[in-house]
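1. Give me a model of this one.
(chains A, B, C and D)
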Number of protein chains: 2
Amino acid sequence: MRISELSSVTGVPVPTIKFYIRQGLLPRGNRTAANQAQYDNTHVERLRLIRSLRDVADLPLAVIAEVVAALDEPEAAAQGQAVTAALRAVAAPEGEISESAERAVAELVARRGWAVEPDFASYRALASALTALESYWVRPFTEETLDRYAEVAERLAEFEIPEDWDPPAAGENAVAYAVLGTLLFEPIILAMRRLAHADRSIRLTRRAQDGSGS
Amino acid sequence: MRISELSSVTGVPVPTIKFYIRQGLLPRGNRTAANQAQYDNTHVERLRLIRSLRDVADLPLAVIAEVVAALDEPEAAAQGQAVTAALRAVAAPEGEISESAERAVAELVARRGWAVEPDFASYRALASALTALESYWVRPFTEETLDRYAEVAERLAEFEIPEDWDPPAAGENAVAYAVLGTLLFEPIILAMRRLAHADRSIRLTRRAQDGSGS
DNA sequence: ACAGAATGGATAGTGGCAGTATCCATTATG
DNA sequence: CATAATGGATACTGCCACTATCCATTCTGT
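-> Predicted coordinates for the structure are as follows:
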């Protein structure tokens, strides 16, 4: 397949495909002549991956570049770790971490018995999210609050990663799916939470009005 | 207080404060002379709100402008609706909505008995998140899957909006808190989910290795 | 009283990001 | 064999969120 077909199949404009190649997001086609190159299904899939990370997960191209670089690691060992590597790139620290947030996360992880190391990216992501919250949210959040969120997170993990889940050691597709599964469902979770918030506040408001109103 | 004090109190540079005023994010100070104006606590709080929406919720300034415009609505009735208005501005539709996603959301809302209208912003946000997922996630998601997410969302709403919650009709602060409460905790939920994912995949991988390995 | 800094306000410039546009020397195609 | 498409490189664009500069006041310290 040549570039125009790759473009029409994926819906990505030709100049953008060229741009992605320049940026190292997409491997070059297989050169057959000075101005001819063959693209195949791996290019189609890679392009879809790039677009979904960009459109749904809203990742900057630089981060997507790191993610696909992790997928391209040829080491078999690295393959097993590619999900982690990819998500490490996604969950950038992106800010300071306060003493108290650090401690809160450490204690939480200990309480829940989570098998994650403090140098894990999401670990620090959580700490920095808590740090940000501290400076903007005056009301303090307690251990109990954190535990409730943790319970919810555990429940999500429970049904999102089934019991018979296969560790993705089987190449790019499996890893890409694992990464996408984590990222693509985020907007859904957030949207549902907002809906549930809306429902509950409408419900409670009505009740308050029924109780006090005419 | 003058602009330099406002700046040092909030940590926002003076030129940026001026810029926010120009953009209509922050009201002008109270002019006392050709080149003197008084700023007060409302400016400090507004500035903090702007920064937290920008830093934590990652909203573009244009959307923040809509949010604070909703907060500034003087109508008493509008005040009660300001949370909704603010969140409407946040949850932009931002893309197509497929037939099937539309239907899935409608059915979900009906099943759960959620008191939200189809023209509610988060309603459409969910539909468009599902639409995006459809084009990137090959495996189909079932009603059952959606229900599980919905249960989690309900659980979140349950403890995030307490039983004795007061509908925020009491001015900017209450409304701002409601909006922030929805937005500021999102990174925490996502980070925890990633941690829980990591824990579970580590756990399941270990078990698989123990079962099959040496 | 007065020099130097700070202020409110306006206009212009910057840097990063994610593409688009143009150009060129080939190569493919009707 | 004329026209279109291709791979590749370089240059340009548009948007966003600031920064920088400028100017005519006004404040502040001595």
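2. which helix is the longest one in chain A?
-> Longest helix of chain A, by residue count under DSSP state H: helix A:186-212.
3. Now look at it and say if it contacts chain B.
-> Yes. Against chain B, helix A:186-212 shows contacts by C-beta under 8 Å from any C-beta of the partner chain at A:186-206, A:208. C-beta: built from backbone N, CA, C; applies to glycine.
4. now swap in stretch A:52-69 and tell me
-> Yes. Stretch A:52-69 is in contact with chain B by C-beta under 8 Å from any C-beta, via A:52, A:55-56.
5. Now do the buried residues in that stretch.
-> A:52-53, A:56-57, A:59, A:63-68 (16 or more other C-beta atoms under 10 Å in any protein chain shown).
6. Same question for stretch A:40-51.
-> By neighbour count on 16+ other C-beta under 10 Å, the buried set for stretch A:40-51 is A:43-44, A:46-51.
7. for it, the distance to its chain's centre please.
-> Relative to the centre of its chain, stretch A:40-51 is centred 18 Å away, using C-alpha atoms, centre = their mean, to the nearest Å.
8. how about the CA coordinates for that stretch, as CSV?
-> What follows is stretch A:40-51, C-alpha atoms only, in CSV (Å, rounded to 0.1, in the frame of the first residue of the first chain):
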residue,chain,number,x,y,z
ASP,A,40,1.4,-2.3,5.5
ASN,A,41,-1.0,-3.2,8.2
THR,A,42,1.4,-2.4,11.0
HIS,A,43,1.4,1.2,9.7
VAL,A,44,-2.4,1.3,9.7
GLU,A,45,-2.6,0.0,13.3
ARG,A,46,0.2,2.3,14.5
LEU,A,47,-1.6,5.2,13.0
ARG,A,48,-4.8,4.2,14.7
LEU,A,49,-3.0,3.9,18.0
ILE,A,50,-1.5,7.4,17.5
ARG,A,51,-4.8,9.0,16.7
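9. is that stretch up against DNA strand D anywhere?
-> No. Stretch A:40-51 does not reach DNA strand D (C-beta under 7 Å from any atom of the strand); its nearest approach is 10.2 Å.
10. what does that stretch contact?
-> Contacting residues not belonging to stretch A:40-51 are listed as A:1, A:6, A:9-10, A:12, A:17, A:20, A:25-27, A:29-30, A:64, A:68, A:172-173, A:176, A:180, B:136 [C-beta atoms under 8 Å, 6 or more residues apart in numbering or on different chains].
11. is any part of that stretch close to DNA strand C?
-> No. Against DNA strand C, stretch A:40-51 shows no contacts by C-beta under 7 Å from any atom of the strand, the least distance being 7.9 Å.
12. what mean pLDDT does that stretch have?
-> The predicted model assigns stretch A:40-51 a mean pLDDT of 93.
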